[in-house]
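In: When you get a sec, could you give me coordinates for this:
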Amino acid sequence: MRFVDEATITVRAGNGGNGCVSFRREKFVPRGGPDGGDGGDGGSVILRASSRLLSLYDFRLQRTYEAPNGQGGMGSQCHGRKGDDLTVELPVGTQIYELTDDGETLLADLSDPETVFVVAQGGRGGKGNEHFKSSTNRAPRFAQKGEAGQERSLRLELKILADAGLLGLPNAGKSTFISKVSAARPKIAAYPFTTLTPNLGVMIDDADPEQRLVIADIPGLIEGAHAGQGLGHRFLKHVERTRFLVHILSVEDVSLESPAGSDGPWSGFDLINEELVRFDADLGGRVQLQVVNKIDLRTPEEVQALRERAAADGRTVFFMSALTGEGLEDVVAEMWRMRDALDTHEALVRLRETEEFDEEESDIEVIWVRE
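Out: This next block holds a predicted model:
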């Protein structure tokens with residue numbers, strides 16, 4: 001299973017090069033004076049959001065990223081070369097947290113493609129002794145040392161960008177649905193928990209191919225998911241940015257014998273919604289499209305009775321069979337309508353502890369030499 005949505009890495013910017021202590025000594029140039037060049041700046045570490053990446057798997061393999069140091073200055077006023085910046089690509093939707101002994105702080109949210117963030121600034125190069133000459137010190141025998149580059153420990157957390165998030169109990173037919181409306185090919189079988197990692201599918205409008213709707217399918221939720229039961233709670237963060245949720249319930253989990261006025265037929269919806277609220281109130285209040293799937297397993301009379309029961313209970317419920325395609329067109333049309341009517345949500349920020357950071361400029365350190 002190569003889908004990884006969390007990783008911890010260390011980034012280290014390059015140190016600045018040291019300034020040079022040098023004096024000009026040429027024939028016919030008496031008292032040439034200091035000519036030590038400056039050191040080059042260290043390279044910075046830059047994070048960039050890339051649509052090519054889909055998970056943080058590579059960051060489990062390589063955990064340290066270092067930018068090159070700047071070169072030291074030389075005589076004859078030759079400045080050292082600047083260290084090249086190191087650009088690290090991350091999946092779109094990655095949040096970057098800085099880890100310290102006192103907790104963690106959110107540094108950036110790469111929610112848009114090609115977004116860049118300088119996470120570690122390279123150290124400044126030191127000045128050569130030519131900068132320190134004056135009327136009272138015509139032969140300075142010291143130069144400035146290059147500054148150290150920033151070093152940070154980071155926690156990367158990927159939260160997939162999607163327009164709609166699929167939720168439901170295990171074996172509700174979410175994978176079959178996403179395979180029918182998009183080119184995604186998730187694992188489908190007649191047992192629970194066939195989906196072990198989030199799947200992404202893209203619906204394309206036949207009339208306008210430029211219009212797309214991205215769907216995120218996460219593993220099924222069970223009772224107690226908010227407390228860590230099952231698999232789905234680990235991936236709920238991947239529907240935080242969605243405009244709306246598509247809540248799918250299998251007709252096998254709907255009881256036709258429930259008395260009027262009770263929530264019996266829709267208890268599967270209510271169970272998952274309660275888990276969402278316990279996990280996060282904002283996610284529990286997200287707009288939902290409620291769908292009953294697998295209606296091919298019931299007679300037309302039983303399905304009609306469920307439609308009438310939903311209307312009597314004041315619920316807007318769509319009925320479909322993802323396998324046969326019955327009712328699928330109405331669900332897809334409603335998803336397009338909701339995509340155009342609703343805005344995307346900001347991803348939730350989950351901090352262990354927060355702390356204010358004050359960056360202090362480092363003191364100047366000099367190198368003393370003897371002529």
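In: what number of residues lie near residue 153?
Out: 15 (other CB atoms under 10 Å). Every C-beta, even on glycine, is put in place using the N, C-alpha and C of the backbone.
In: secondary structure class for residue 59?
Out: Following DSSP: H, G, I helix; E, B strand; the rest coil, we place residue 59 in the helix state.
In: quick one, helices of the stretch 51-200 of the chain?
Out: 58-61, 174-181 (DSSP state H, counting those that start in this stretch).
In: contacts for the first one?
Out: Helix 58-61 has contacts (CB atoms under 8 Å, 6 or more residues apart in numbering) with 4, 7, 9, 156.
In: Next, count neighbours for the nearest residue to the second one once chain neighbours are set aside.
Out: In other words, residue 7. Counting by CB to CB, 6 or more residues apart in numbering, residue 59 is the residue found nearest to residue 7 once chain neighbours are left out, at 3.8 Å. When neighbours are defined as other CB under 10 Å, residue 59 has 22 of them.
In: gap between residue 59 and residue 8?
Out: Noted for residue 59: a distance of 8 Å to residue 8, by CB to CB, to the nearest Å.
In: Please enumerate the shared neighbours of the two.
Out: Joint contacts of residue 59 and residue 8 (CB under 8 Å, 6+ apart) are residue 156.
In: quick one: the residue nearest to residue 7 and residue 20, what's the gap?
Out: Taken as CB to CB, the span from residue 59 to residue 20 is 38 Å.
In: repeat for residue 71
Out: Relative to residue 20, and taking CB to CB, residue 71 is found at 10 Å.
In: So which of those two has more stuff around it?
Out: residue 20 (28 against 21).
In: in the chain, which residue is closest to the centre?
Out: Central residue of the chain (CA atoms, centre = their mean): residue 94, 1.6 Å from the mean position.
In: tell me the contacts of that one?
Out: 49, 56, 109-110, 156-159.
In: now with 6 Å?
Out: 110, 156, 158 (CB atoms under 6 Å, 6 or more residues apart in numbering).
In: Got a quick PyMOL command for the buried subset of those residues?
Out: The buried subset of the contacts of residue 94, as determined by 16 or more other CB atoms under 10 Å, is captured in PyMOL by this line:
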select buried, resi 110+156+158
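In: For the stretch 101-250 of the chain, give me the ranges with low pLDDT.
Out: Scanning the stretch 101-250 of the chain for pLDDT under 70 picks out the ranges 183-199, 219-235.
In: And the strands in it?
Out: 103-110, 116-120, 142-144, 151-158, 164-168, 199-204, 212-217, 244-250 (DSSP state E, counting those that start in this stretch).
In: which of these is buried the deepest?
Out: Neighbour counts (mean count of other CB atoms under 10 Å) averaged over each of those peak at strand 164-168, with a mean of 27.
In: from the chain's centre, how far out does that one sit?
Out: Here the centre of strand 164-168 is set off from its chain's centre by 19 Å, with CA atoms, centre = their mean, to the nearest Å.
In: That strand - which strands sit beside it in the sheet, and in what orientation?
Out: Sheet pairing of strand 164-168 (DSSP bridges) gives strand 212-217 (parallel), strand 244-250 (parallel).
In: right, and those - which one's nearest residue 101?
Out: Among the strands paired with strand 164-168, strand 212-217 comes nearest to residue 101, with 34.9 Å by CB to CB.
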